[in-house]
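> coords please:
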Amino acid sequence: MNNNVIGYLLGAKSEKRQNATFIKIIPRLIIKSFLKGAPFSVNNMKFSFHIFVSALRGEFKFPDCTKLYPALLHINVDRKYRSLGVGRKLIEMYMDFLKRENITGVHLGTKSENSVNFFKKMGFEVFHKNRLSYFRYFLKRDIEHYILVKKL
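I've put the predicted structure just below:
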């Protein structure tokens, strides 16, 4: 048996707690990226510009779901191991943890139509959907962003 990581789940009992943690981490990451010159590569500057334009268009504004669905979920499973129940098992274990912690609901965001279908099978429903244009410059198309929620 190999010891490769085939997937992970990151979660927080509340988005506020997650943001409090990230606020400690993000400045260090930004400093490291500046020291390495990453923000000044042509591709990163183009990407940043398109994100800025999307922000001006209001594409990152969406309704707040954190009162009813305070917990946050992010999951990723290696493509070779999808459809084998790995993601389902990770989510089930996380949902059990949230229930033991008396959390009322969970939310997540995705830009993948396949993920939306997977999460619907797991009992999630689409709370909000919007179009993002900042991927257009390299994908040649806009993409959909979904916020999905689940009551516990």
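> residues making contact with the helix or strand containing residue 47?
Assigned by DSSP states H and E, residue 47 falls within helix 42-56. Residues from elsewhere that reach helix 42-56 (C-beta atoms under 8 Å, 6 or more residues apart in numbering): 38, 39, 60, 132, 133, 134, 135, 136, 137, 138. To be clear about C-beta, it is placed using only N, CA and C from the backbone, and glycine gets the same treatment.
> what do you get if the cut-off is 6 Å, keeping everything else the same?
38, 133, 134, 137 (C-beta atoms under 6 Å, 6 or more residues apart in numbering).
> Excluding chain neighbours, what is closest to the first one?
When you say that, I think you mean residue 38. residue 44 (5.9 Å; C-beta to C-beta, 6 or more residues apart in numbering).
> what about the one you found, how many neighbours?
Residue 44 has 13 neighbours, counted by other C-beta atoms under 10 Å.
> what about the helices in this protein?
In the chain, helices defined by DSSP state H lie at 15-35, 42-56, 86-100, 113-121, 136-139, listed in chain order.
> Just put these in TSV and tack on mean pLDDT.
Shown next, in TSV, are the helices of the chain (pLDDT from 0 to 100):
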stretch	mean pLDDT
helix 15-35	77
helix 42-56	86
helix 86-100	95
helix 113-121	93
helix 136-139	82
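> Could you check those and tell me which one is nearest residue 107?
helix 15-35 (7.9 Å; C-beta to C-beta).
> Pull that closest one out as PDB, backbone CA atoms only.
The C-alpha coordinates for helix 15-35 follow below in PDB (Å, rounded to 0.1, in the frame of the first residue of the first chain):
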ATOM      1  CA  GLU A  15     -17.000  31.100   8.600                       C
ATOM      2  CA  LYS A  16     -16.100  33.700  11.200                       C
ATOM      3  CA  ARG A  17     -13.700  31.200  12.900                       C
ATOM      4  CA  GLN A  18     -12.200  30.300   9.600                       C
ATOM      5  CA  ASN A  19     -11.700  34.000   8.600                       C
ATOM      6  CA  ALA A  20     -10.100  34.700  12.000                       C
ATOM      7  CA  THR A  21      -7.600  31.900  11.300                       C
ATOM      8  CA  PHE A  22      -6.900  33.000   7.700                       C
ATOM      9  CA  ILE A  23      -6.300  36.600   8.800                       C
ATOM     10  CA  LYS A  24      -3.300  35.300  10.700                       C
ATOM     11  CA  ILE A  25      -2.000  33.200   7.700                       C
ATOM     12  CA  ILE A  26      -2.700  35.400   4.700                       C
ATOM     13  CA  PRO A  27      -0.300  38.300   5.400                       C
ATOM     14  CA  ARG A  28       2.600  35.800   5.600                       C
ATOM     15  CA  LEU A  29       1.600  34.200   2.300                       C
ATOM     16  CA  ILE A  30       1.400  37.600   0.600                       C
ATOM     17  CA  ILE A  31       4.800  38.600   1.900                       C
ATOM     18  CA  LYS A  32       6.300  35.300   0.600                       C
ATOM     19  CA  SER A  33       4.700  35.700  -2.800                       C
ATOM     20  CA  PHE A  34       6.000  39.300  -3.100                       C
ATOM     21  CA  LEU A  35       9.500  38.200  -2.100                       C
END
